[in-house]
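In: quick one, structure for this:
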Amino acid sequence: QFQLVESGGGLVQAGGSLRLSCGASGRSINDYNMGWFRRGPGKEREFVAAITWSATSTTYADPVKGRFTISRDSNTVYLQMNNLKPEDSAVYYCALDWPGTRTEVAPRSPYDYTYWGQGTQVTVSS
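Out: All right, here's what the predicted structure looks like:
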């Protein structure tokens, strides 16, 4: 079992930055692909970014390319969000691909992820 906990959300003005963090309480996430997803008001859950277990490969949704950066260490996955826009406002969730495979590209589908955090709210004002 993995209990994922996100932090770092908040209210920021357009053009500002936030860094989200996600870790698993009491366990290392070192061997697993990790992803970030978000759900905006009235919207479906959507993929944001993912990183392989080895951190050698990252993948991003088109709307965040060039603005968001996913990274990780053995215990935490991060999402650095720069040049935030009002349309980035959403609840952001981290997810862990368990049991996962040692792939070269982290999955983008939420159905590949087994464990999810409770979410952290990001609000970008215009």
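In: which residues of this structure fall in strands?
Out: Using DSSP state E, the strands found in the chain span residues 4-7, 10-13, 18-24, 34-39, 45-51, 58-60, 68-72, 76-81, 90-96, 115-116, 120-125.
In: possible to save the ones you listed as a markdown table with distance to Arg108 and mean neighbour count?
Out: Placement of C-beta: from N, CA and C, glycine included. Shown next, in a markdown table, are the strands of the chain (distance: least, CB to CB, whole Å; neighbours: other CB atoms under 10 Å):
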| stretch | distance to Arg108 | mean neighbour count |
| --- | --- | --- |
| strand 4-7 | 18 | 18 |
| strand 10-13 | 26 | 13 |
| strand 18-24 | 17 | 21 |
| strand 34-39 | 7 | 24 |
| strand 45-51 | 5 | 21 |
| strand 58-60 | 6 | 17 |
| strand 68-72 | 12 | 19 |
| strand 76-81 | 15 | 22 |
| strand 90-96 | 11 | 23 |
| strand 115-116 | 15 | 17 |
| strand 120-125 | 20 | 17 |
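In: what's the closest non-adjacent residue to the spatially most central residue of the chain?
Out: Nearest to the mean C-alpha position of the chain, by CA atoms, centre = their mean, lies Trp36 at 2.1 Å. Excluding the flanking residues, the one nearest Trp36 by CB to CB, 6 or more residues apart in numbering is Val48, at 4.3 Å.
In: and the gap between the residue nearest to the centre of the chain and Pro63?
Out: 13 Å (CB to CB, to the nearest Å).
In: from Pro99, how far off is the residue nearest to the centre of the chain?
Out: Distance, Trp36 to Pro99, by CB to CB: 20 Å.
In: do Gly40 as well
Out: Using CB to CB, Gly40 is found at 30 Å from Pro99.
In: and those two? which has more neighbours close in?
Out: Looking at Gly40 and Pro99 with other CB atoms under 10 Å, you find the greater number of neighbours at Gly40, namely 14 against 7.
In: for this protein, which residues score under the pLDDT cut-off?
Out: The chain contains no residues with pLDDT under 70.
In: how about 90 then?
Out: Along the chain, segments meeting pLDDT under 90 span 1, 25-27, 30, 74, 98-105.
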